[in-house]
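Novice: What shape does this take:
(one chain, ligands or ions: 3)
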Amino acid sequence: MSAFSEKLDAAGVASILARVAERRPRVHCLTNTVAQNVTANMLLAFGAMPSMAGHPDEVAAVAAGAGAILINLGTISPEGERAIPKLLAVAQEHRIPLVLDPVFVELSPLRLRLVGDVLASFDVLVRGNATEMAVLEPLFVPKRDIVRVTTGAVDRIETEGRSLSVAHGHAWMTKVTGLGCASSALVAACRAVEPDPMIAAAAALTAYGIAGEIAAERATGPGSFAMHLIDALAGLDEAALAARMS
Ligand SMILES: Nc1ncnc2c1ncn2[C@@H]1O[C@H](COP(=O)(O)OP(=O)(O)O)[C@@H](O)[C@H]1O
Ligand SMILES: Cc1ncsc1CCOP(=O)(O)O
Ligand SMILES: [Mg+2]
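Specialist: Residues are numbered from 1 along each chain as shown. Ligands and ions are numbered 1, 2, ... in the order given. Purely as a prediction, here's the structure:
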């Protein structure tokens, strides 16, 4: 069956950003040591609240009140491996949506096993780059209803019978470490306030990509780009979205 291709307009993106700003959802992030800081700052710029606890004996308590949970495998440790089933249980019990970022799953059988564990869980969306998502393709075959988000120059958001694409961003987004990880956290923030995971992912990546375009106009290289990206995300409004989405 061919996928029905949908489109989100500036008003649709702005309404989800307004919900994030109003509700300030907390996104609990079990994420890697490289991307923790930029992820937390990007969530704050977006109007969401980061929490980053990872101790297996407290992670369930901390995540229980979150609006969404992010599991990122980038620097998975034995402690993080023990924390994952606790997060899956708390997500199931409290019906908290999950976002999985399968960083470098192509490099490690441990990561592939952990992805399998997370995919068996309730309401999970997967966001990865093209290499990671290609490796996971066989795992998705029996689970076509999972929302799969493949980022790159054009982001593709897919599930059984539906698809969306987002063609915003700048190549400097690949020259600052952690910006893919941060995109997964922004998807989680939108998912916390938007029940349709496809629309949530499209809104987050449209806003992030347009912030990237604005930042690139202000920056002189990847270092200043990272700083301007946080500022541009924090200053995004419907007029700026509309100007670049037409
Ligand atoms: N060539 C590109 N042009 C514009 N935006 C890009 C490009 N490559 C990646 N992006 C954007 O950068 C962000 C991170 O994506 P990606 O680089 O695929 O993730 P990762 O860092 O996990 O490999 C996404 O928001 C994506 O849209
Ligand atoms: C370099 C690196 N090594 C382990 S996690 C990580 C960060 C990956 O971040 P991103 O996927 O956002 O580029
Ligand atoms: Mg990544």
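Novice: Ligand 2 contacts on the protein?
Specialist: Residues of the chain found near ligand 2 (CB under 6 Å from any ligand atom) are 32, 34-35, 74-75, 103, 177-181. (Each C-beta comes from the backbone N, C-alpha and C, glycine too.)
Novice: So which of those is the closest to ligand 3?
Specialist: If you rank the residues of the chain next to ligand 2 by distance to ligand 3 using CB to the ion, Gly180 comes first, at 3.2 Å.
Novice: helix, strand or coil for the closest one?
Specialist: Classification of Gly180 using DSSP: H, G, I helix; E, B strand; the rest coil returns helix.
Novice: Check which helices and strands the longest helix anywhere in the chain is in contact with.
Specialist: When the chain is parsed with DSSP state H, its longest helix is helix 197-218. Applying 3 or more CB pairs under 8 Å, 6 or more residues apart in numbering; DSSP states H and E, we find helix 197-218 packed against helix 10-23, strand 124-129, strand 147-151, strand 155-159, strand 162-166, helix 179-193, helix 222-234, helix 238-245.
Novice: returning to that earlier point: tell me which two in the residues of the chain next to ligand 2 are the farthest apart.
Specialist: The largest separation in those, counting by CB to CB, is between Thr75 and Leu179 at 16.1 Å.
Novice: So between those two, which is more surrounded?
Specialist: Counted by other CB atoms under 10 Å, Thr75 and Leu179 do not tie: Leu179 has more neighbours, with 23 against 14.
Novice: pretty sure the more buried one is touching Val38, no?
Specialist: Yes. With contact defined as CB atoms under 8 Å, Leu179 and Val38 form a contacting pair (6.9 Å).
Novice: which residues are in contact with both of these two?
Specialist: Counting by CB atoms under 8 Å, 6 or more residues apart in numbering, the residues touching both Leu179 and Val38 are Ala226.
Novice: before we move on, back to that, for Gly152, state which of the residues of the chain next to ligand 2 is nearest.
Specialist: Using CB to CB, the residues of the chain next to ligand 2 come closest to Gly152 at Gly180, 9.8 Å.
Novice: can you list contacts of the worst-scoring helix or strand of the chain on mean pLDDT?
Specialist: Within the chain, no helix or strand scores below strand 4-5, which has a mean of 77 by mean pLDDT, DSSP states H and E. For strand 4-5, the surrounding residues in contact (CB under 8 Å, 6+ apart) are 161-165.
Novice: what sits up against stretch 104-119?
Specialist: By CB under 8 Å, 6+ apart, stretch 104-119 touches 71, 73-74, 76, 81, 84-85, 88, 98, 100, 102-103, 124, 126, 128, 131-132, 135-136, 139, 143, 146.
Novice: returning to that earlier point: what's the average pLDDT for the longest helix of the chain?
Specialist: The pLDDT scores in helix 197-218 average 98.
Novice: same thing with stretch 165-181?
Specialist: Average pLDDT, stretch 165-181: 98.
Novice: Now it: buried residues?
Specialist: Buried residues in stretch 165-181, counted by 16 or more other CB atoms under 10 Å: 166, 168-170, 172-173, 176, 178-181.
Novice: got a list of what the spatially most central residue of the chain touches?
Specialist: For the chain, the residue sitting closest to the mean C-alpha position, by CA atoms, centre = their mean, is Ser184 at 1.6 Å. Contacts for Ser184 (CB under 8 Å, 6+ apart) come out as 70, 72, 99-101, 127.
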